[in-house]
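model the structure of this input:
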Amino acid sequence: MVRAVAATAYGGTEVIEVIDVESRAPESDEVTIAVRAAALNRWDAKQAAGAAGTDPAKLPVRLGSEAAGVITAAGADAVSLEGEQLAVGDEVYGHKLRGAQASELTVKAGLLLRKPAHRSFVEASGLLSNGTTAVHALEAVSVGEGDTLLLHSASGAVGWLVAQLARLRGARVIGTASERNHDELRSLGVEPVSYGEGLLDRVRTLAPDGVDAAIDTVGTDEAVTVSLAVLHDPARLVTIANAQFEAVLAAGGQAIGGGAGADPGTAIRDAARLTLAKFFADDAIGVDVARTFPLEEARAAYELLVTGHAGGKVVLEPR
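Residues are numbered from 1 along each chain as shown. Alright, predicted model coming up:
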């Protein structure tokens with residue numbers, strides 16, 4: 001039997017359980033993975049709460065979409081996203097993997113990338129969902145060489161990747177974060193500023209002539225109002241936070257992801273996977289992991305996730 005994380009009802013973290021499910025042999029274009037790490041995302045908690053529907057006939061709802069592990073069985077036509085044949089023993093990672101938070105997973109091989117031997121399963125499991133969002137945000141506001149970017153919540157799971165990718169594009173990054181994270185941000189080449197009262201003045205001190213682009217990954221009123229006050233062009237403000245979609249769109253900015261008025265950016269995000277994989281293999285980017293939990297402690301992991309203050313990826317490690 002396979003151990004899997006599921007919502008056994010619709011609700012908060014109290015509905016998260018680890019249940020037994022049947023193992024499934026791979027079809028021709030599939031592989032079976034012994035999962036070594038599975039990352040959590042905010043959508044997982046929303047799905048448990050019924051954001052995708054509350055049909056009781058669909059319970060229990062398997063959770064998770066990102067995982068990394070070792071192939072234990074492979075179909076004859078199991079070809080990776082890179083176009084390479086996969087075999088037993090290969091280390092892989094991917095996202096858009098339904099029910100990824102489990103001890104074993106059988107999925108389409110085309111959703112998977114080879115994991116570099118020198119990178120950890122934990123990091124690999126948390127790269128793609130946030131990484132593709134980060135690329136989409138940067139593309140939306142055309143961040144490039146010589147730009148000054150104001151990045152809100154630079155030490156968050158998405159912001160951490162935005163910061164690294166923006167620096168690789170040659171941009172200057174001013175990143176908001178709590179003071180305890182400033183030294184880590186400086187190590188990425190980010191100029192940190194504390195959020196909260198007086199943020200606008202602190203940003204203007206660092207960028208007296210304003211900024212070229214702004215990315216909101218936190219969803220606060222402060223992030224939006226400060227961005228609009230220092231931006232040269234409101235069209236170069238983008239938010240990934242549903243709570244700010246209406247305000248940002250009304251001001252002439254952009255919203256990406258899921259939700260009314262947002263650009264899902266499917267083509268951009270799909271294309272970004274191979275770029276992210278190369279950067280990851282070359283050690284050009286890393287994933288900020290806040291904490292790992294054993295699979296059997298999934299509920300505790302979700303309790304940390306929903307606080308919104310994990311400060312990086314929360315990852316489950318099946319034993």
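
can you give me the strands in the stretch 51-200 of the chain?
Assignment of strands within the stretch 51-200 of the chain using DSSP state E, counting those that start in this stretch yields the ranges 61-62, 66-74, 91-94, 104-108, 112-114, 148-152, 172-177, 191-194.

report the distance from the second one to the chain centre.
What it means is strand 66-74. Computed by Cα atoms, centre = their mean, to the nearest Å, the separation of strand 66-74 from the middle of its chain amounts to 20 Å.

now that strand: average pLDDT?
Average pLDDT, strand 66-74: 98.

which helices and strands sit right next to that strand?
For strand 66-74, the helices and strands in contact under the criterion 3 or more Cβ pairs under 8 Å, 6 or more residues apart in numbering; DSSP states H and E are strand 30-39, strand 91-94, strand 104-108, helix 121-125. Using the backbone N, CA and C atoms, a C-beta is placed for each residue, glycine as well.

restricting to C-alpha, output the first one in PDB.
Provided in PDB are the C-alpha atoms of strand 30-39 (Å, rounded to 0.1, in the frame of the first residue of the first chain):
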ATOM      1  CA  GLU A  30       4.500   6.500 -17.300                       C
ATOM      2  CA  VAL A  31       6.900   5.800 -14.500                       C
ATOM      3  CA  THR A  32       6.500   4.900 -10.800                       C
ATOM      4  CA  ILE A  33       8.500   7.000  -8.400                       C
ATOM      5  CA  ALA A  34       9.500   6.300  -4.800                       C
ATOM      6  CA  VAL A  35       9.000   9.800  -3.500                       C
ATOM      7  CA  ARG A  36      11.800  11.300  -1.500                       C
ATOM      8  CA  ALA A  37      10.400  14.800  -1.100                       C
ATOM      9  CA  ALA A  38       7.100  16.500  -1.800                       C
ATOM     10  CA  ALA A  39       6.600  20.300  -1.500                       C
END
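
paired strands for that strand, with orientation please.
Take DSSP bridges as the rule and strand 30-39 pairs in its sheet with strand 66-74 (antiparallel), strand 104-108 (antiparallel), strand 313-317 (antiparallel).

the residue nearest to residue 6 when sequence neighbours are not counted: neighbour count?
Nearest residue to residue 6 in three dimensions, chain neighbours excluded: residue 60, at 3.8 Å (Cβ to Cβ, 6 or more residues apart in numbering). A count of nearby residues for residue 60, using other Cβ atoms under 10 Å, gives 16.

sorry, back to before: who wins for proximity to residue 187 among the helices and strands packed on strand 66-74?
Within the helices and strands packed on strand 66-74, the stretch nearest residue 187 is helix 121-125; the backing value is 16.3 Å (Cβ to Cβ).

so what touches that closest one?
Applying Cβ atoms under 8 Å, 6 or more residues apart in numbering, the set of residues contacting helix 121-125 from outside is 36-39, 66-69, 91, 93, 115, 280, 286-287, 289, 292, 313, 315, 317.

can I see the domain layout of this protein?
Per the record, the chain has its domains at 2-127+287-317, 133-266, by automatic domain parsing.

switch those domains over to TSV; also include distance to residue 274.
Converted to TSV, those look like this (distance: least, Cβ to Cβ, whole Å):
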stretch	distance to residue 274
domain 2-127+287-317	7
domain 133-266	11
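
those domains: which one's closest to residue 273?
Proximity to residue 273, assessed across those by Cβ to Cβ, is greatest for domain 2-127+287-317 (6.3 Å).

gap between the two ends of that closest one?
The straight-line separation of the ends of domain 2-127+287-317 (Cα to Cα, to the nearest Å) is 14 Å.

quick one: it to chain centroid distance?
13 Å.

quick one on the thing from earlier: residue 75: which of the helices and strands packed on strand 66-74 is closest?
Across those, the minimum distance to residue 75, taken as Cβ to Cβ, is reached by strand 30-39, at 5.2 Å.

out of the strands paired with strand 30-39, deepest packed?
The densest packing among the strands paired with strand 30-39, expressed as mean neighbour count by mean count of other Cβ atoms under 10 Å, is seen in strand 313-317 with a mean of 25.

could you dump the helices and strands packed on strand 66-74 into TSV and include distance to residue 182?
Listed next are the helices and strands packed on strand 66-74 as TSV, based on distance: least, Cβ to Cβ, whole Å:
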stretch	distance to residue 182
strand 30-39	25
strand 91-94	30
strand 104-108	38
helix 121-125	22
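
dump those to a markdown table, plus mean pLDDT and distance to residue 22.
Conversion of the helices and strands packed on strand 66-74 to a markdown table gives the following (pLDDT from 0 to 100; distance: least, Cβ to Cβ, whole Å):
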| stretch | mean pLDDT | distance to residue 22 |
| --- | --- | --- |
| strand 30-39 | 98 | 12 |
| strand 91-94 | 98 | 22 |
| strand 104-108 | 98 | 10 |
| helix 121-125 | 98 | 23 |
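
circling back: which one of the domains of the chain lies nearest to residue 276?
Between residue 276 and the domains of the chain, the shortest separation by Cβ to Cβ is 6.1 Å, and it involves domain 2-127+287-317.
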